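**Student:** compute the structure for the input listed below.
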Amino acid sequence: MGKATLLTPVYVSVAWILMTSYQLFTQITVDTVTIFLGNYVPTIGAWMASRLDLIVFIHSFAWIFLLSSCIPAVLLGKQRGVLVQFGVCLTLAVLVNVVQGAVTDINNGPLDQIFGLAPLFRNPALAAAYMSVPYLLMIWFDLRGKRKKEELLNLEMENKDYPEYFTVEDDLEDQDKIQKEEYIHAN
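**Tutor:** I've put the predicted structure just below:
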């Protein structure tokens, strides 16, 4: 079995936990940031309050997008098919939806421990940091991808400068021939 096959349950579990927790706390964090901004910049706070559902959707979508893009890439590599990626993304999205419904139906269960973290996100700084995590990760992935692409281009350019058939011995032989010809022409 391949490495990806063995790590698949781990990747899916981590993605599921992150997506579920993000979905559960997005509403709280958006409310917190909206109230905080409303206290200092009432115009922006009022604008955000009137579009609260849209803002929650965008932040929830950012996390789902990030994980549903990364997990299939890690599991399936660059040769993944569109249908397979769609299946993985749909499965993760459905799992998040099912868990949200189950969380609201269960009282005093182990999931209440997750909700015990909710007061942490009433702090505007923590709420803003929590909401920015998927965007920061997307920027990091983009920068890392660009850096790797540049490294590959530089490596290709270096390989073009030194053809595979070129050896140090060939260069020394060429220098010897040039020196002999210069000696002959000089005399």
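**Student:** can you show me the helices along this protein?
**Tutor:** Assigned by DSSP state H, the chain shows helices spanning 3-40, 42-50, 52-76, 82-105, 111-115, 124-161, 168-186.
**Student:** tell me which other helices or strands the second one touches.
**Tutor:** In this case it means helix 42-50. helix 3-40 (3 or more CB pairs under 8 Å, 6 or more residues apart in numbering; DSSP states H and E). Using the backbone N, CA and C atoms, a C-beta is placed for each residue, glycine as well.
**Student:** report the angle between the helix it packs on and helix 42-50.
**Tutor:** Here the directions of helix 3-40 and helix 42-50 differ by 130 degrees (axes from the mean of the first three to the mean of the last three CA atoms, to 10 degrees).
**Student:** now helix 3-40: mean pLDDT?
**Tutor:** Mean per-residue pLDDT for helix 3-40: 78.
**Student:** next: stretch 69-89.
**Tutor:** In the prediction, stretch 69-89 has an average pLDDT of 68.
**Student:** ok, now stretch 138-148?
**Tutor:** pLDDT averaged over stretch 138-148 gives 86.
**Student:** show residues contacting it.
**Tutor:** For stretch 138-148, contacts defined as CB atoms under 8 Å, 6 or more residues apart in numbering pick out A62, L66, C70.
**Student:** put the alpha carbons of that stretch into PDB.
**Tutor:** The C-alpha trace of stretch 138-148 is given here as PDB (Å, rounded to 0.1, in the frame of the first residue of the first chain):
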ATOM      1  CA  MET A 138      -4.000  30.300   0.800                       C
ATOM      2  CA  ILE A 139      -1.400  33.100   0.600                       C
ATOM      3  CA  TRP A 140       1.300  30.800   2.000                       C
ATOM      4  CA  PHE A 141       0.400  28.000  -0.500                       C
ATOM      5  CA  ASP A 142       0.500  30.500  -3.400                       C
ATOM      6  CA  LEU A 143       3.900  31.900  -2.300                       C
ATOM      7  CA  ARG A 144       5.300  28.400  -1.800                       C
ATOM      8  CA  GLY A 145       4.000  27.300  -5.200                       C
ATOM      9  CA  LYS A 146       5.500  30.300  -6.900                       C
ATOM     10  CA  ARG A 147       8.800  29.800  -5.200                       C
ATOM     11  CA  LYS A 148       8.900  26.100  -6.200                       C
END
